[in-house]
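**Q** Following is a predicted model, sequence given first.
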Amino acid sequence: MNKNTKVNAAILIIGNEILSGRTQDTNTSTLANWLNSIGVKVGEVRVVPDEEKIIVDTLNLLRKIYNYVFTTGGIGPTHDDITAQSVAKAFGKKYQIHNEAFKILESYYQPGEFNEGRQKMVWMPEDAELILNPTSGAPGFSVDNVFCLPGVPSILKSMLGGLKNKIIGGEPILSHTISLRTVESEIANSLTNVQEKNKDVEIGSYPFFHAGKLGVSIVIRSENQSKIDECNSQILNFVNKKKIEVVDR
């Protein structure tokens, strides 16, 4: 892949606790922001329960469509942490003890603390490559184009730096935001005209409520700064004509 190639990824969030609403997913925005910064566009996000068949089927679908798949959750020490064995099954690989991971965790814990539950975290698909964990010892892993990360947001965040050399992205995806004191219906037609003139730029509008007032943020995204600048001037042109207030957020 070279820098001009469009590179994409899917994120697969694994865990009943996300689906039940007990735990709020913040990993999607962390991963998506990081991937954008290295030129990988997130095309799809799915949330699935801790059920082997669903994980296997979803993984096999996504890894064929996207350059990369990132999973979060399900690689801890408890009975419902089944991501590693599901990935092994999806790739038709043996599920076994990863010797290097075993050594890392054995030296991480105090003597006697590396119990059976914790040893579950070193079972991985055969030939898995480790993703080192600078926060809590237990590594993530990758197989082919699938990268498996923990569900704990602070730990996941700390592991992204170690992935940078393993992911080949395109040009970083840049963005610019214009916040307006208006409603979407007032700018819809004008924004559609700008989008039609700039088909290779992604333009989104997002209502917000701030300091008791309604507004709309327009987000322009592209790999090319000059295209963003061109869209920005076209949008500000109709904003000025309509006498819409631009606000700082």
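**A** That came through fine. Numbers count the residues shown, from 1 in each chain.

**Q** And the pLDDT at the nearest residue in space to Leu12 that is not next to it in sequence?
**A** Of all residues not flanking Leu12 in the chain, Thr71 sits nearest, at 4.6 Å (C-beta to C-beta, 6 or more residues apart in numbering). Backbone N, C-alpha and C define where each C-beta goes, glycine included. Looking at Thr71, its pLDDT stands at 98.

**Q** same check, this time on Asn4
**A** 51.

**Q** what's the answer for Asp50, then?
**A** 96.

**Q** quick one: contacts for it?
**A** Neighbouring residues of Asp50 by C-beta atoms under 8 Å, 6 or more residues apart in numbering: 14-16, 74, 80-82.

**Q** Make sure it is indeed in a strand.
**A** No. Note on Asp50: no strand contains this position according to DSSP: H, G, I helix; E, B strand; the rest coil, which reports coil.

**Q** if I read this right, Asn133 contacts Cys148, doesn't it?
**A** No. Using C-beta atoms under 8 Å, Asn133 is not in contact with Cys148; the gap is 11.7 Å.

**Q** anything in contact with each of the two?
**A** Shared contacts of Asn133 and Cys148, counting by C-beta under 8 Å, 6+ apart, come down to Gly140.

**Q** if you count what's nearby, which of these two comes out ahead?
**A** The neighbour comparison of Asn133 against Cys148 (other C-beta atoms under 10 Å) goes to Cys148, with 27 against 22.

**Q** State the pLDDT value of the residue nearest the centre of the chain.
**A** The centre of the chain sits closest to Leu31, judged by C-alpha atoms, centre = their mean, with a distance of 3.1 Å. Listed pLDDT for Leu31 reads 97.

**Q** and if you look at Glu171?
**A** 84.

**Q** Pull the number of nearby residues for it.
**A** Neighbours of Glu171 (other C-beta under 10 Å): 15.

**Q** ditto for the one 3 residues further on
**A** Close neighbours of Leu174, defined as other C-beta under 10 Å, add up to 15.

**Q** hmm, back to that, from what I can see the residue nearest to the centre of the chain touches Tyr68, true?
**A** No. Here Leu31 does not reach Tyr68: they are 10.3 Å apart, not a contact under C-beta under 8 Å.

**Q** Hmm, Arg221 is touching Thr177, no?
**A** No. Between Arg221 and Thr177 there is no contact under C-beta under 8 Å: 9.8 Å.

**Q** if you count what's nearby, which of these two comes out ahead?
**A** Arg221 (18 against 13).

**Q** Report the beta-bridge partners for the more buried one.
**A** Ser175, Glu202 (DSSP bridges).

**Q** Make residue 1 into 49 and carry on from there
**A** Sure, I'll start numbering at 49, so the last one becomes Arg269.

**Q** so who does it touch?
**A** For Arg269, the contacting residues are 221-223, 249-252, 276, by C-beta under 8 Å, 6+ apart.

**Q** Where do the helices of the chain begin and end?
**A** Secondary structure of the chain (DSSP state H): helices at 64-67, 75-85, 100-113, 131-139, 147-156, 164-167, 201-207, 232-245, 273-289.

**Q** Out of the ones you listed, point me to the one whose mean pLDDT is lowest.
**A** Minimum mean pLDDT among the helices of the chain: helix 164-167, a mean of 89.

**Q** elements contacting that helix?
**A** Packing contacts for helix 164-167, counted by 3 or more C-beta pairs under 8 Å, 6 or more residues apart in numbering; DSSP states H and E, involve helix 147-156.
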